[in-house]
Each structure stands twice: as structure tokens, then as C-alpha cells.
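> For reference, the sequence and a predicted model appear below.
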Amino acid sequence: MVAIKAVGLLVDPVPVPEGRLVAHSPGHRGVWHLYEDHAQGTGQLARRFAEPWGGSDLAYVLGRDHDTGKGGCAWQDGLIEEAATGRKVRRPPHNDAGALLFARTARRRPELTPFAGVIEGHHTGLSAWSALRVRLKGLMRDSQEVDEAIGRVAEVMPEILEGICPTVPDWLDPRNRTSMEMLVRMTYSAVIDADRLDTAAHFRPGTLLRPDVNMPELWERFETRRQETLAERRLQNEPSWLDRLREDVYQEAIETAAGKPGVYRLHLPTGAGKTFAGGGFALRHAAQHGLRRVIVAVPFISITEQNAAVYRSLLDPQDGPRVVLEHHSAVNCETSGQQTAGPSAASGNVRPRQGRGRLNRWAKLAAENWDAPFIVTTTVRLIESLFGNTPSATRRLHRIAGSVIVLDEVQALPDNLLTPILSGLRELVEHYGVTLVLSSATQPELAALTPWQTGLPQRDIVADPAPLFERLRRVRYDWRTGPDVTLGSIAAEAAQHDHALVVVNGTKDARQVHKAWLDDRQEHPGTLHLSTRMTGSHRRQTIQATKQRLKAGMGTLLVSTSLIEAGVDLDFPNGFRAKSTPESEQQAAGRVNREGHRPADDSVMTIFEPTDGLPPHLIYNRSGIAAASHRFGEGLSAPDDLDTLRAYYQHRYRLQSGRSSTDPNGATGEAIEALREKLDYPEVARRMRMIDNEHSVAVVVIRPQLHEDDRKAAQQAIGQLRAGVPTPETYRALQDHMASIPHQELQAAINTGHAVEIAGDLYEWTGPYHPQRGIEPPP
């Protein structure tokens, strides 16, 4: 009797049929996964995934031949022994044979040889072309082992030796290295997802793919439910002038959606209804042009939570699979067996992480692949998909083809990565059927940067936004500077108001303001705190409690980090914002007098520079601070002056363009674009990290305040991860319970027993958790 751990059954595996090869151990009912079934299944799925960009033939061949190395005797014998004994058996790597097979086929078109990296890295990640080229040359000199595997596979699948070079998309110019780089990425994604899905179907029989969604039907559902929601509101309150303005904006967006695919700008002041206008435009545009999905990417997790809730209410069916997928988890469950430690490891005071190699195939099979028609994710996850090199990061990339991408709060894209980001997005628009929507109240001048300077027109969804900004100016700005301005003085001033919002530059500053309000109390319902040190459900509850208190007229003081600035629908009469950049200050002002119920002169947004607060140049773009210093402030322009903002962005980009990547003031990523041209996938992935995982990590927190059902669901998901049998739903179930802390704090918590490993890079936080502030930063 053999334990088939993947399905938790005790079964006798059937013998391997004579003359056949196997790809995976026995799964359902003890049946082997025959090699040719897996090869053909993967190839056919990869072919289907690559159809939107004309890469079907290439993806099919690479998918069909990706596991050729499994034909070797040593690999086959090892798998059979493992199934017979239930013990793990070390088998030789199986990625070289297929890579060499493709490289030989590509001799007639040597410019296609880099696609051999799709096979070579299908478990470990895309290698740099320089390293892959050396590896292939070595294999060609000494190919005895891989030739044995190729020969045995050819006995059951003779077509692998046909040597016919697959066709590539007719738009590809191999001399354009960034186009080649992105096509390798896209093809890799198609093959990886096909491989994982076909493997998962062997162990968990069922539907491989969600049926194609009917986008016109989805658009109609969105519009019908939106109208129903508006009708319910009208029964409670007569529509205000702001409601009518938002409806006009929405209708103009819907009319513009008939335009041809390309790049669009949604430039609207805060409170003008960007969520509805952007979602409505995207769905109608997708329905009209036969696109496959909508992807909304936002800079902060707090916005994914809020926006996903809105879109679910408008799109998810009463019964059946959900339409809206919220994805922001960054858990890495494809780590290898090496020990890893944080930045302080060199000091010798960090305990090495144990058990890194025990994650089995299920962690890989459960990686999120965006198989849903409407995705709400973070900008970090989107950029990771575009420029990562690991299977888990890139698996979902092919789903972007033939979609509408709404980049919400586009001004939050980091300047030091703008050149490769804009270059990659241009590739998606020009070759992968993507329509891109740039949504923001503070539109950056992206056409001033090299990748977009020529040949990529941008169209406005709302033709003339300037009058809207004039009409929706709902605050006046005040500036507070000098040696007497401190976090304590601002906290005291804010507390003189019945309702006030304070936005600061870091979590320690937020903690200091909140503690000043509490005055030695543990918590108070009228003094609230918001940061990513709180779990997703905790943040959502805090936002909801804030809304309810404001609506009821109950005294409310809220301190928050910058996560509140984009898309969080709150309406305070007064606000305070620590000095930052003008776009951030304007976004914070969007939470003040949001509904326009008060005259602008009565709603003050105070920009303050605390002598004891985190200096803005430590967390915001230095060139942005420099470009703003002579344009915005007391006696100068307000942050919502459109002409000054336009000049500010142009100046900001001029200060950086062309600089080296080592310049402390940033640069816009030209050096990374050069690495893309060299097909250096690992180094590009390393440099494109928008949130450096060496400094910020997610942890799971089971809060004492959780409802019992939520607690059980979270604990069940943790149990599945620890048992090594997760599904995509496992990770989704934990997203509400994740908070972020700096890496060095996690390392310290591991050493003190306040953090316990779950799986991969994911830990459970078992240390103190403040009922209002979450995981506290050290003093």
C-alpha cells in the first residue's frame, strides 16, 4: 500500500504500462499521469493562452516539450520508486533536455534561441540570456544524458524530432530587444500556467478553466445594478448637485468607451466618481471590443478592499462562481530549500528559517493565476507580474493580454521605475491587445518620458476636466511651519475639532499622534488609527466605523498613514497633512468636505512640517520634493492648481531623466531598461521590486476580536498551508488577516517566539496586537 499524500488516500498505484513514460506520480484512484498526456495537455493549453498575441505555435511547442528531460531512465526510475515506497527520491533535473531540443530546432532561426529559457526555467525561473547561452553551449558539447531522455520521449512522441521551427507573431522584430524580452515573458507565463493546470487536473480531477465570460452580459449586469443602487439612494435623499455631476461624468465615460483600444486618461478631481466611471468605461469597452477581462490595479491594499467590495456588489452573481477576484497577497511559496535570513543575518543574531524545502508541488499549483473576468489587485502585484522571473510571479501574466487595465492613482507609480514600466505597458498596448486607463486626480505628465514621447496617443475619457476641478474645489489650504510645529502640537490642534483627519508620513508618527489623543487610555471609540500594520479586516472595520461616526455626528479623530489618500471614501470637515508631495497633499484633501456639504472656506486642509516627524525626503521622491519646493506653499500655488501641477511633473522628470541608477535622486529606470534589452530577467526582477521584501513582509494575524466563523476559516487555511495542500482559495482566505511589518521586525519576532512559520515566506504573528493600532512599531 502506498500513501498518495496529494489526495490523502491509500491506494495501490497501477503498474506503468509497457513502453510508456510517466510525468507525475499516481493521483486520483492510483492512476499514473502518462507523459504524452501531460505533454499534449500542456501544449494545447499553452497554445490557447497565447492566441491573443499570435504566439500559439511557439507556445504549443514549448509547452509540449517542456518536460522532455523526464524521459531519462534515472528520472523515470526515481519517480516509480517514490510511488512504490512513499519515500522522497532525488531525481535529476529535467529542464535541460527540452531546452537543448528547442535550441537545436532554432538553429535555422538563431534569434529565437532565447525561448529555450522558457523550458530551462519552468521550475526555477527565467535565467539571464548570458547564463542560458553558456548553459546551452555546454549541453551541445556534452549532450549524452539529455540525448538519452530525448530519444526515449521520441519513442512515444516522434513529432518532437520534426525539427520544424515554430512560427512567431508576425509583429515581432527580433532586433527590438524589449519586444523580444516581453514575448519570452508572455510565452513563459502561458507555458507555466498550462503546466500547473494540467498537473493539478491530474491530482484533483475537475474543470481546468473557467468558461469564457460573456462581457456584454457582465456590462449589462453592472449597469442594471448601478441603476438600482442609485434608485435606492434617491428614495432616501434627493440627488444633490454633486450626484448629478457624477452622473454626467459617468455618462461621458460610457460614451467614450466606444473608442478604439489604446491609452486613455481618466482625469477627475477626488469625489467625482472615478470608481464607477473607470469600472463602467472598462466593462463597456471590453464588451464592445471583445476583450476578455478587466484588471483594476491600485497602489494601496486599502483601496483593493474598498473597490473590490463595490465591484462585487455590482458584478458577482447570486449563485455560481464569483466574477470579482481580489488579489494582493505576496506570499512566496516557491522558495527552495536554502536557508534565508534578513539583513541582520551577518550579525549572527538571526535564527535560520527551518523547513523551507518541505513545500511540495501544491504550493506551486495553488499560485494565483487570475482566472477571473474582473481582477482587483495592487500595482505591486501587477508590476511583479510584468517584470518578475519566477513561476509564481509570472504565471498570471498571460491573462493580461486582451484586457482593460485600469491603473488607478497612476501618480503613485515610482519615478525610479517609470521607464521600464512605461515601456512594458506600451508593449502590452501595441502587441497584446490591451487598453490602458490612467486614472488619477493628479495626472502625471508621462508623455514627457522617453518611452511615450512619440507614437502613443493618449485620449481623455472626460474631454475637459478643468471646469470640474474648479467646480469641485472644496477646501482651502493653510500651511503650518516653524520650530513650534510638532506631532504633539498638531494632535492637540486637531483634538480641538469635533471631527478631524491627520495624515502622517510613517507608522511611528501615526502611533505618536494616536497615543497623544488617547492620553494613557488603551483605546477609545472616537480616536481611530489606520495603517498597514493592521490586518485587512481590521482596516476595513476602522474605515466603516469612521464612516458611521461621521454620519451620526459623533466626535471622530482619525490618524492615518498615506494609505487613506487614494480611494478611501471618507468626508471630514477638517484635515491635517504632514508635508509630502503636492499630489499626495491633494489626495489627502480629497477626504475633506468630500461631498461638498460645506463652503470651501470653512473646510481647511492644513499642510504642516513637524520638527519631530519623518522627513518627506526619506520616503517620497527627492526630485519631486525639489520640484515642488518653489511652486507650492504659503504665498505660492495650492496643490490642486492644474497648470502648476503640470509644470511640476515636467520639472520633476527633467531632474531625473538620463541619470544613472546609482544616483541618490533616483533616475527613471533607464539602467533597468538596458537590462531588459540584455534579457537579464533575474536582475530586472530584483531591481523592479516596488516593495523590497527585504524591508516589508506580510504576516497573518488571528485577532482576538474575530468572529468565531472567521477565526475557524483562517485557522483552517493556515492548516492547509502547513499540511502542504493549499489551493488558490487558501491564500485568498488569508488576505483579510494579513498585516505588513518591516523585515527586521519579523526576524526579531521569530527569535522571541512572536512569529511562527506557516509556509514559504509566510509567518503567523503571535505577538502583541493593539486593538486599535495593530502590530506596534518598536519604540
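Perfect, thanks for sending it. Not measured: the values here are computed from a predicted model.
> can you map out the helices along the stretch 51-200 of the chain?
56-65, 73-85, 96-105, 116-120, 129-141, 144-156, 177-203 (DSSP state H, counting those that start in this stretch).
> Highest mean neighbour count out of those?
Of all the helices of the stretch 51-200 of the chain, helix 116-120 carries the top mean neighbour count, a mean of 28, counting by mean count of other CB atoms under 10 Å. For every residue, glycine as well, the C-beta is placed using N, CA and C.
> those strands in the stretch 251-400 of the chain, which residues are they?
With DSSP state E, counting those that start in this stretch as the definition, the stretch 251-400 of the chain shows strands at residue ranges 263-267, 293-298, 324-327, 374-378.
> Show residues contacting the shortest one.
Pointing back at strand 324-327 there. Contacts of strand 324-327 with the rest of the structure, by CB atoms under 8 Å, 6 or more residues apart in numbering, involve 304-305, 308, 311-312, 315-316, 368, 370, 372, 374-377, 381, 732, 735.
> Please list the members of those residues that lie in helices.
Of the positions in the contacts of strand 324-327, 304, 305, 308, 311, 312, 315, 381, 732 sit in helices, assigned by DSSP state H.
> The residue lying closest to the fifth one once chain neighbours are set aside and residue 592: what is the separation?
In this case it means residue 312. Leaving out its chain neighbours, the residue that sits closest to residue 312 by CB to CB, 6 or more residues apart in numbering is residue 324, at 4.7 Å. Look at residue 324 and residue 592: by CB to CB, to the nearest Å, they are 30 Å apart.
> who's more crowded, these two?
Regarding residue 324 and residue 592, a neighbour count based on other CB atoms under 10 Å identifies residue 592 as having more, with 25 against 21.
> any idea of the pLDDT on the residue lying closest to the more buried one once chain neighbours are set aside?
For residue 592, the nearest residue in space outside its immediate sequence neighbours is residue 575; the separation is 4.1 Å by CB to CB, 6+ apart. As summarised for this prediction, residue 575 has a pLDDT of 97.
> Identify the residues contacting residue 284.
The neighbourhood of residue 284, defined by CB under 8 Å, 6+ apart, consists of 219, 254, 257, 258.
> ok, the residues you listed vs residue 68, which is closest?
Distances from residue 68 to the contacts of residue 284, taken as CB to CB, are shortest for residue 219 (44.1 Å).
> Now do the one helix or strand that closest one maps to and strand 374-378, the angle between them.
Per DSSP states H and E: residue 219 is located in helix 215-236. On the basis of axes from the mean of the first three to the mean of the last three CA atoms, to 10 degrees, helix 215-236 is oriented at 70 degrees to strand 374-378.
> check contacts around the nearest residue to residue 122 once chain neighbours are set aside.
Closest residue in space to residue 122, ignoring its immediate chain neighbours: residue 66 at 5.2 Å, by CB to CB, 6+ apart. Taking CB under 8 Å, 6+ apart, we find residue 66 in contact with 39, 42, 95, 98, 118, 119, 122, 191, 195.
> Adding pLDDT, write the residues you listed out as TSV.
As requested, the contacts of residue 66 are exported to TSV (pLDDT from 0 to 100):
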residue	pLDDT
39	97
42	98
95	95
98	97
118	98
119	98
122	96
191	98
195	96
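> Many thanks, we can stop here.
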